[in-house]
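**Student:** Structural data only, the sequence is not supplied:
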């Protein structure tokens, strides 16, 4: 069980400011499950591969 299992809403975007272990374990597929169509990730921490995210239909911006 992770912190997002009880999330009862869908979100448009996620800002990843710190590479928390929980997000690392989840990966993009699991994160996409609680997001609306056309999900947005702003990855300040550089945790995700931008090309991989774009290939999975995320709008991705890294810093």
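**Tutor:** Yep, that arrived. Quantities reported herein were computed from a predicted structural model and do not represent experimental measurements.

**Student:** Now do the strands in the chain.
**Tutor:** 11-16, 35-43, 59-62 (DSSP state E).

**Student:** how about these, which one is nearest residue 24?
**Tutor:** strand 11-16 (10.0 Å; CB to CB). Placement of C-beta: from N, CA and C, glycine included.

**Student:** quick one: strands adjacent to that closest one?
**Tutor:** Taking DSSP bridges as the criterion, strand 11-16 forms sheet pairs with strand 35-43 (parallel).

**Student:** Please point out which parts of stretch 10-18 sit buried.
**Tutor:** Neighbour counts using 16 or more other CB atoms under 10 Å place 14, 16 of stretch 10-18 among the buried residues.

**Student:** And the contacts of that stretch?
**Tutor:** 23, 31, 34-36, 38-45, 47-48 (CB atoms under 8 Å, 6 or more residues apart in numbering).

**Student:** cool, and stretch 26-43?
**Tutor:** Contacts of stretch 26-43 (CB under 8 Å, 6+ apart): 2, 4, 7, 9-16, 23, 48, 50, 52-53, 56-63.

**Student:** Would you pull up how far it lies from the middle of the chain?
**Tutor:** Relative to the centre of its chain, stretch 26-43 is centred 4 Å away, using CA atoms, centre = their mean, to the nearest Å.

**Student:** Repeat that for stretch 31-50.
**Tutor:** 3 Å.

**Student:** could you give the mean pLDDT of it?
**Tutor:** The average pLDDT within stretch 31-50 is 92.

**Student:** Just give me the residue right at the centre of this protein.
**Tutor:** residue 31 (4.6 Å; CA atoms, centre = their mean).

**Student:** buried ones in the longest helix seen in the chain?
**Tutor:** In the chain, ranked by residue count with DSSP state H as the criterion, the top helix is helix 21-32. If you call a residue buried by 16+ other CB under 10 Å, then helix 21-32 has these buried ones: 23, 26, 28, 31-32.
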